[in-house]
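> curious how this folds, go ahead:
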Amino acid sequence: MIKTGNRYSKLIESIFTQKYQSGVQEVVFKREDLVSTAAKLGIKLPKNLGDIIYSFRYRAALPESIRNYAPEGLEWVIRPVGQAKYKFSLTAMPRIIPNALLSETKVPDATPGIIVKYALNDEQGLLAKLRYNRLIDIFSGVTCYSLQNHLRTTVPDMGQVETDEIYVGVDKREVD
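Predicted coordinates:
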């Protein structure tokens, strides 16, 4: 996990501590709480408010002060619960650990040199490597094609969701 800017941590920590009550399993908050808390703390908000939530959902650990409120064996995560609504939720986090007893599938890197040179070290760079090396095809056993990137939609009781890439595939019998 990467370290997140101090202002993000201060904001999310302040929202959690304002709303947390001893013994609860969930702490609900709204996107507008980011704005009011930033004003209270004198913190300049980023242009993309969603990046604060996204950072703690996918890129960075929650501040230690929040993690300390989790009982043994549980962790706090942020989940969407509607449009511009979120909750800190206690959950047992399963860890995916490679199994040393399984064989390793080596795939030569077929990423064009110019892509390697200019791709950033982010999700888009990784998706480009997936496409050029046809890794989805190799591991699914189906010929797959990238259909759409960054599909955004709204899911009831969850809010906006975004899928980075959608693939469609055809198997050996030409069934899609």
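
> quick one, what contacts the residue positioned nearest the centre of the chain?
Nearest to the mean C-alpha position of the chain, by CA atoms, centre = their mean, lies residue 58 at 3.0 Å. Residues near residue 58 by CB atoms under 8 Å, 6 or more residues apart in numbering: none. C-betas here are computed from N, CA, C, even on glycine.

> confirm that it sits in a strand.
No - counting by DSSP: H, G, I helix; E, B strand; the rest coil, residue 58 is located in no strand; its state is helix.

> and the gap between residue 106 and residue 138?
11 Å (CB to CB, to the nearest Å).

> of these two, who's got more company?
Using other CB atoms under 10 Å, the more surrounded residue of residue 106 and residue 138 is residue 138, with 12 against 5.

> would you confirm that that one contacts residue 107?
Yes - Residue 138 is in contact with residue 107 according to CB atoms under 8 Å; the separation is 6.3 Å.

> in the longest helix along the chain, what counts as buried?
Criterion DSSP state H: the longest helix present in the chain is helix 6-19. Within helix 6-19, the residues scored as buried using 16 or more other CB atoms under 10 Å are 7-9, 11-16.

> same check, this time on stretch 27-35
Neighbour-count burial for stretch 27-35, counted by 16+ other CB under 10 Å, picks out 27, 29, 33-34.

> quick one, what contacts residue 119?
Listed by CB under 8 Å, 6+ apart, the contact set of residue 119 reads 111, 125, 128-129.

> and the helices in this protein?
Under DSSP H, the chain gives helices at 6-19, 31-41, 50-54, 64-67, 113-118, 123-132, 135-140.

> among these, which comes closest to residue 155?
Checking those against residue 155 by CB to CB gives helix 50-54 as the closest, at 15.3 Å.

> who are the packing partners of the closest one?
helix 6-19, helix 31-41 (3 or more CB pairs under 8 Å, 6 or more residues apart in numbering; DSSP states H and E).
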